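S.K.: sequence unknown, structure follows:
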RNA sequence: GAGGAUGUAGCUCAGCAGGCAGAGCACAAGGUUGUGGCCCUUGGGGUCGCGGGUUCAAGUCCCGUCAUCCUCCCCA
């Protein structure tokens, strides 16, 4: 037998990737907080029926992508495949609606879907997401898109925004029903995947790339005929708002989203730089979901962004703090060197005590490997070496050197 | 779930008419007896993804399996 490997589709995130991960998540948190979203830390396991009732019994996610098991108490459990359902469950279960006003929550963490791994698609992946409960105003939709736009801008990531409206829950259902009826006439001419979609998600057939399906789709019912004037006006208003803030978008009537709970606004931020899995952030409104899961009628909207996909789009991420490496020139100066470096750390300066003794050359190499910006040699006196310029200054007392570092170099 | 490509040293890869496992980079020691990066010398490293088969002989051929990547699908 070979060595134990990580589970398929799972990954260790370390080194530069860990920095990328941290940058994405930390930036998202900062932005969320600017918009006054409050963090909610959600469980990774939920009752299976939560996802059946929210994401949708017929969706791929529920049908074939969930990690599920029966626990020792006989409960049917799933590792969460997405965050919105848990967030809604918590909103209802913790009776947040009882506090009055409205609620803005954000979350961050791992999601699990049993899919075929691919670039930008993993079985354990991470999302940052935000949800607004109790607001139907179109300004909430606009604000959320602005927020995501700002997040992407902060990360220096270019995407295009595609947006669509699905209308109300009723109109969406009616449209879906009409499509089902229409496409059923051509059942035998549809491709195999579309025959499956007929039951599961007829809206998707419109977007099929197979030539024969596209021909059939040309005569299919149009979504605009099923959308109420109110929804249309709402959508227009949203687009105007986006125009006003200089946000480019493309209205894509084929944009459907694979989750059942969306109503009215749906949107995706897409890139074509990372292969087939180009959706980097996506979301929309789900005005019926809270009620559907047993809560009071509550309009809501939300989005989620894929951390790994954002990571792929990031420029290289370097550590920014200066590193001071301390080398003890003799074995018996180590206590003094340790004391010295602890003082640096107390002052908020990042320090690495070179812990391998050997030739000075080998210790210097260690400092170099750590990419030290400065090296401090500790003996009966102290010397500070600038690794970039090679310049070296001698100090008779450590106090003087520490003062010098804090004064001159901490901010460099 | 379907199709395709790949898997040899820490990394990038060569080796395939089956015949002792290689290069570059990286790593370690030294050249420079208290100073890294460049250069030179020397050195340590591989059950050739894993398991089976064919063969006198398999990294090389065959079968299986695992993993990665790409497309479909799906989605963040």
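M.R.: Arrived safely. Keep in mind the model is a prediction, meaning the values are calculated, not measured. Numbering: from 1, shown residues only, chains lettered A, B, ... in the order given.

S.K.: Quick check: pLDDT value at the closest residue to RNA strand B within the stretch 301-412 of chain A.
M.R.: Taking C-beta to the nearest atom of the strand as the measure, the stretch 301-412 of chain A has residue A:306 as its residue closest to RNA strand B, at 2.6 Å. Just so you know, the C-beta spots here come from the backbone N, C-alpha and C atoms, and that holds for glycine as well. As predicted, residue A:306 sits at a pLDDT of 96.

S.K.: My read is that it contacts residue A:119, right?
M.R.: No. Residue A:306 is not in contact with residue A:119 according to C-beta atoms under 8 Å; the separation is 12.0 Å.

S.K.: more crowded one of these two?
M.R.: Each of residue A:306 and residue A:119 has its neighbours counted (other C-beta atoms under 10 Å); residue A:306 has more, 24 against 12.

S.K.: Please name the bridge partners of the more buried one.
M.R.: Residues in a beta bridge with residue A:306, per DSSP bridges, are residue A:127.

S.K.: Buried residues, the helix or strand containing residue A:106. List them.
M.R.: Following DSSP states H and E, one finds residue A:106 within strand A:103-112. Residues A:103, A:104, A:105, A:106, A:107, A:108, A:109, A:111, A:112 are the ones in strand A:103-112 that count as buried (16 or more other C-beta atoms under 10 Å).

S.K.: In TSV: those, plus pLDDT.
M.R.: As requested, these are exported to TSV (pLDDT from 0 to 100):
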residue	pLDDT
A:103	97
A:104	98
A:105	98
A:106	98
A:107	98
A:108	97
A:109	96
A:111	96
A:112	95
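
S.K.: can I get these in TSV with distance to residue A:34?
M.R.: Formatted as TSV, those follow (distance: C-beta to C-beta, whole Å):
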residue	distance to residue A:34
A:103	17
A:104	12
A:105	15
A:106	11
A:107	17
A:108	16
A:109	21
A:111	24
A:112	30
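
S.K.: closest to residue A:25 among those residues?
M.R.: Nearest to residue A:25 among the buried residues of strand A:103-112: residue A:108, at 5.6 Å, using C-beta to C-beta.

S.K.: Quick check: nearest residue in space to the closest one, chain neighbours excluded?
M.R.: residue A:128 (4.7 Å; C-beta to C-beta, 6 or more residues apart in numbering).

S.K.: list the contacts for the one you found?
M.R.: A:24, A:25, A:28, A:29, A:32, A:106, A:107, A:108, A:304, A:305, A:307 (C-beta atoms under 8 Å, 6 or more residues apart in numbering).

S.K.: interface residues of the stretch 251-400 of chain A facing RNA strand B?
M.R.: For the stretch 251-400 of chain A, the contact set with RNA strand B under C-beta under 7 Å from any atom of the strand comprises A:257-259, A:268, A:275-282, A:304-306, A:308-309, A:329, A:358-362, A:364-369, A:375, A:377, A:379, A:383, A:385, A:387-388, A:390, A:392.

S.K.: before we move on, back to that, closest to residue A:233 among the contacts of residue A:128?
M.R.: residue A:304 (27.5 Å).

S.K.: now the helix or strand containing the closest one, how far from the centre of its chain.
M.R.: According to DSSP H and E, residue A:304 maps onto strand A:300-306. What separates the centre of strand A:300-306 from the centre of its chain is 9 Å, taken as C-alpha atoms, centre = their mean, to the nearest Å.

S.K.: Which strands or helices does the next helix or strand after it pack on?
M.R.: Moving toward the C-terminus from strand A:300-306, the next helix or strand (DSSP H and E) is helix A:307-313. Applying 3 or more C-beta pairs under 8 Å, 6 or more residues apart in numbering; DSSP states H and E, we find helix A:307-313 packed against helix A:16-34, strand A:124-133, strand A:279-285.

S.K.: and the ones you listed, which is most packed in?
M.R.: Each of those was scored by mean neighbour count; the highest is strand A:279-285, a mean of 25, by mean count of other C-beta atoms under 10 Å.

S.K.: Can you pull out the residues in contact with the very next helix or strand once past that one?
M.R.: Sequence order places helix A:289-292 as the next helix or strand after strand A:279-285, per DSSP H and E. With contact meaning C-beta under 8 Å, 6+ apart, helix A:289-292 is reached by A:53, A:54, A:84, A:88, A:91, A:92, A:133, A:261, A:296, A:297, A:298, A:300.

S.K.: Repeat that for stretch A:67-75.
M.R.: Against stretch A:67-75 from outside (C-beta under 8 Å, 6+ apart): A:47, A:48, A:76, A:77, A:78, A:79, A:112, A:113, A:114.

S.K.: Not counting its neighbours along the chain, what's nearest the residue in the stretch 1-150 of chain A positioned nearest to RNA strand B?
M.R.: Here the stretch 1-150 of chain A gets closest to RNA strand B at one residue, residue A:119, 2.1 Å apart by C-beta to the nearest atom of the strand. Closest residue in space to residue A:119, ignoring its immediate chain neighbours: residue A:275 at 4.6 Å, by C-beta to C-beta, 6+ apart.

S.K.: That neighbour: what's it in contact with?
M.R.: Here residue A:275 is in contact with A:118, A:119, A:120 (C-beta under 8 Å, 6+ apart).

S.K.: Okay, it and residue A:300: tell me how far apart.
M.R.: 32 Å (C-beta to C-beta, to the nearest Å).

S.K.: The strand or helix carrying residue A:196 and RNA strand B in contact?
M.R.: Assigned by DSSP H and E, residue A:196 belongs to helix A:192-200. Yes. Helix A:192-200 is in contact with RNA strand B by C-beta under 7 Å from any atom of the strand, via A:193, A:197.
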